[in-house]
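In: sequence and predicted structure below; questions after.
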Amino acid sequence: MSQWNAKAKNTGEISTTKLPVPPQVANQISRDLKTEMENAREHMKENRFDDALASFESVLNQNPEVVGAYIGIGNVHARRGNYDEALEYYAGAIHINKELPLPWMLSGTVYVNLGQPEKALERFQRALQLNPNLGDARLAISRLYLRMERYDEAKSSLDEALRQNPQMEAARLLRAKIYHHQGDIAAEMAELENVISRNSSNWIASTALGRLYLMQEKYDAALSLLNKAAEIKPDGALIHFEIGRSCFALGQYDLAVTALITASELNPDLDAPKIQLAQVYLAQEKLHEARKLLVNLSCGTRNLALIHRLLADVCLQQELYGDAIAEFQATLIHDPLLLEQHPELAAPVEIKDGDHAQALAYHAAFAKHASHFVLHDMSLEADVDQ
């Protein structure tokens, strides 16, 4: 922490004893500070954090009461993940001007990143006290209440935000998300349709509504919305993933392959598009391609039960019955809850009539629980952060 920040925080005061400054000198100092602040902000836009930090510190060396410089240095530290340092500088800004909502908001965001929702909530509520019309504070509070599963309070905060600004799309999208968590799909769809009717170019609403149509097996309607979303945001990996799912459900396998490869290229860290692509290859009887994908995915940590389940199907179609048995058994290892709920899935191990008969018995037993094996990839959700 810098000396000026320490003085602001620890002594509770900044000296106001100053020698008289000629007007022309004061004007020049003011212009220099303004230029330095503008330089710092440009550096931030370009992610040149060292340069931004140097410019903000230069401002504070000349005048330790510039609130914007404290906020700027705090932002540099926050962007770098140095959250304790960021909080120190936001505290410096608050010390100088306790009535400014921005540093309270920013420190709240840091506490969210630190996984301390109660402290974050206090900061956002303080910002709202300072400016009751601050819509961003109400949104931040609602997101925290949603995370805490305090749905009524989350909706109440959003209702007030929308009362102040009925055009706030982010509030409607967040309210749709709350309805989703409550299992009120009809209300969620109505909210998303409301957003789209007001702004047909809102790709987040189109994507979310398309996913709901997919869930309801309205594949044509889903594909129409998702294609529209892709036109607006062509770099959305989740959108292309959902397009691939829609095309697969409609039997449009070549289009599904194109969409899923695009999703994987846009975000190589996602497993879900690759798993779905393997399922398309299986449907196309491109067993070599499917197996190659799944073997690579089996080295990861997510969706392992589903991956081994699909590998079992590939091996079965390739008449590699011993390998198929091993994959079925690996599926159970990676999903102990499934075995606990359905112990009969282990029964085929008792079959002694050869690998072929045992593999078919496993396949028949697992086929009764096909709905259990679903994709789960939390990183997909970040693609449409509402």
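Out: Perfect, thanks for sending it. Numbers count the residues shown, from 1 in each chain.
In: okay, CA-based contacts and neighbour counts for the rest of this
Out: OK.
In: now do the SS call for E319.
Out: Secondary structure, DSSP: H, G, I helix; E, B strand; the rest coil: E319 is coil.
In: just for the stretch 251-386 of the chain, where's the confidence low?
Out: For the stretch 251-386 of the chain, residues meeting the criterion pLDDT under 70 lie at 375-386.
In: I'd like to know how many residues surround L337.
Out: 11 (other CA atoms under 10 Å).
In: check which helix or strand it maps to.
Out: Using DSSP states H and E, L337 maps to helix 336-341.
In: keeping just the C-alphas, turn that helix into CSV.
Out: Only the C-alpha atoms of helix 336-341 are listed here, as CSV (Å, rounded to 0.1, in the frame of the first residue of the first chain):
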residue,chain,number,x,y,z
PRO,A,336,-21.7,-44.2,-7.7
LEU,A,337,-25.1,-42.6,-7.0
LEU,A,338,-26.6,-44.3,-10.1
LEU,A,339,-25.4,-47.7,-8.9
GLU,A,340,-26.7,-47.0,-5.4
GLN,A,341,-30.1,-46.1,-6.9
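In: show me which residues of that helix are buried.
Out: Buried residues in helix 336-341, counted by 16 or more other CA atoms under 10 Å: L338.
In: show the subsequent helix or strand relative to that helix.
Out: Moving toward the C-terminus from helix 336-341, the next helix or strand (DSSP H and E) is helix 355-367.
In: on contacts alone, who are the packing partners of that next one?
Out: With contacts taken as 3 or more CA pairs under 8 Å, 6 or more residues apart in numbering; DSSP states H and E, helix 355-367 sits against helix 321-333.
In: just checking, what packs against the helix it packs on?
Out: Helix 321-333 is packed against helix 304-317, helix 355-367, with contacts defined by 3+ CA pairs under 8 Å, 6+ apart.
In: list the contacts of the residue nearest to P101 when sequence neighbours are not counted.
Out: Leaving aside its sequence neighbours, P101 sits nearest to A127 (CA to CA, 6 or more residues apart in numbering; 4.5 Å). Shown in contact with A127 (CA atoms under 8 Å, 6 or more residues apart in numbering): 100-102, 104-105, 134, 137.
In: swap in E188?
Out: Neighbour list for E188: 175-180 [criterion: CA under 8 Å, 6+ apart].
In: can you add distance to R163, pLDDT and neighbour count and give those residues back as JSON lines?
Out: Conversion of these to JSON lines gives the following (distance: CA to CA, whole Å; pLDDT from 0 to 100; neighbours: other CA atoms under 10 Å):
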{"residue": "R175", "distance to R163": "13", "pLDDT": "96", "neighbour count": "28"}
{"residue": "A176", "distance to R163": "16", "pLDDT": "96", "neighbour count": "28"}
{"residue": "K177", "distance to R163": "19", "pLDDT": "95", "neighbour count": "21"}
{"residue": "I178", "distance to R163": "18", "pLDDT": "96", "neighbour count": "25"}
{"residue": "Y179", "distance to R163": "19", "pLDDT": "96", "neighbour count": "19"}
{"residue": "H180", "distance to R163": "22", "pLDDT": "94", "neighbour count": "16"}
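In: brilliant, that's me finished.
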